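Trainee: Got a predicted structure plus its sequence, pasted below:
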Amino acid sequence: MNPLEKKIRVLIAKPGLDGHDRGAKVVARALRDAGMEVIYTGLRQTPEMIAEAALQEDVDVVGLSILSGAHNALVPRVLELLEANGQTHVQLFVGGIIPDEDTAALKAAGVSGVYGPGTLTDQIVADVRLGVLGETAA
């Protein structure tokens, strides 16, 4: 990346009541190590808090880590709020425990990527770059 280019800004959030954030922190670290600016909001965020933070931080990407099974309620709400804020350009990806049968519906709703346990962080980094910059390599 050209040093004069704006860095990709990523917001990583843990919506809902799930209290396990190791995966979110691993992804945040990988994105940061790849040269992106990462904002981690911490545990127990509401969709409204996430959308507001995305607006205030002027992010390019929002990553949600959901282990609770509430992805079908939380993800559409975050997407709705991002759209209401005029942030239709913001990419949204989801990681965590997402059943395979829910992936197609999440992507149809506007999710850029769905990542389960065991996904290599290099894949997430590459997908974020591709989604934001159209680049396939660092």
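Mentor: Cool, got the structure.

Trainee: List the buried residues of stretch 22-33.
Mentor: 23, 24, 27, 28, 30, 31 (16 or more other Cβ atoms under 10 Å). (Each C-beta comes from the backbone N, C-alpha and C, glycine too.)

Trainee: Can you verify the third one is assigned to a helix?
Mentor: Same thing as residue 27. Yes: with DSSP: H, G, I helix; E, B strand; the rest coil as the criterion, residue 27 is located in a helix.

Trainee: Quick check: it touching residue 96?
Mentor: No: using Cβ atoms under 8 Å, residue 27 is not in contact with residue 96; the gap is 10.2 Å.

Trainee: what sits up against the helix or strand harbouring residue 102?
Mentor: Take DSSP states H and E as the rule and residue 102 turns out to sit in helix 100-109. Under the criterion Cβ atoms under 8 Å, 6 or more residues apart in numbering, residues 71, 72, 75, 76, 79, 94, 98, 114 lie in contact with helix 100-109.

Trainee: Nice, that's everything, thank you.
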